[in-house]
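Engineer: model the structure of this input:
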Amino acid sequence: MSGHVGQALLYALLLVLPLSALAARRLPMNTLVLYAGAWMAIFGGAFVLVALLSR
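Structural biologist: Model prediction:
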């Protein structure tokens with residue numbers, strides 16, 4: 001398995017785990033969308049921070 005495929009699988013797993021945990025709680029759809037947006041903001045902020053620090 002090449003490095004890019006392994007990274008893609010890791011990122012897919014990192015996205016699926018929080019979303020599946022939210023789905024398992026059977027929350028209303030608007031709350032689910034709000035929480036998913038919060039997770040995306042957290043991961044997006046971490047990505048931007050790492051990108052800025054690695055320059």
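Engineer: show me where the protein dips below the pLDDT cut-off.
Structural biologist: The chain contains residues with pLDDT under 70 at 1.
Engineer: for the most centrally placed residue in it, helix, strand, or coil?
Structural biologist: By CA atoms, centre = their mean, the chain has its centre lying nearest to residue 15, at 3.8 Å. With DSSP: H, G, I helix; E, B strand; the rest coil as the basis, residue 15 sits in helix.
Engineer: so which elements touch the helix or strand hosting residue 51?
Structural biologist: Taking DSSP states H and E as the definition, residue 51 sits inside helix 29-53. With contacts taken as 3 or more CB pairs under 8 Å, 6 or more residues apart in numbering; DSSP states H and E, helix 29-53 sits against helix 3-24. In short, each C-beta sits where N, CA and C put it, glycine included.
Engineer: alpha carbons of the helix it packs on, as CSV, please.
Structural biologist: Presented in CSV, the C-alpha positions along helix 3-24 are these (Å, rounded to 0.1, in the frame of the first residue of the first chain):
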residue,chain,number,x,y,z
GLY,A,3,1.8,6.3,1.4
HIS,A,4,-1.0,8.2,-0.3
VAL,A,5,-3.5,5.3,-0.1
GLY,A,6,-2.7,4.8,3.6
GLN,A,7,-3.2,8.5,4.3
ALA,A,8,-6.5,8.6,2.5
LEU,A,9,-7.7,5.6,4.5
LEU,A,10,-6.6,7.2,7.7
TYR,A,11,-8.4,10.5,6.9
ALA,A,12,-11.5,8.6,5.9
LEU,A,13,-11.5,6.7,9.2
LEU,A,14,-11.0,10.0,11.1
LEU,A,15,-14.1,11.4,9.3
VAL,A,16,-16.3,8.3,9.7
LEU,A,17,-15.7,7.7,13.4
PRO,A,18,-17.1,11.0,14.8
LEU,A,19,-20.0,10.9,12.2
SER,A,20,-20.9,7.3,13.2
ALA,A,21,-20.8,8.2,16.9
LEU,A,22,-23.2,11.1,16.2
ALA,A,23,-25.5,8.8,14.1
ALA,A,24,-25.5,6.2,16.9
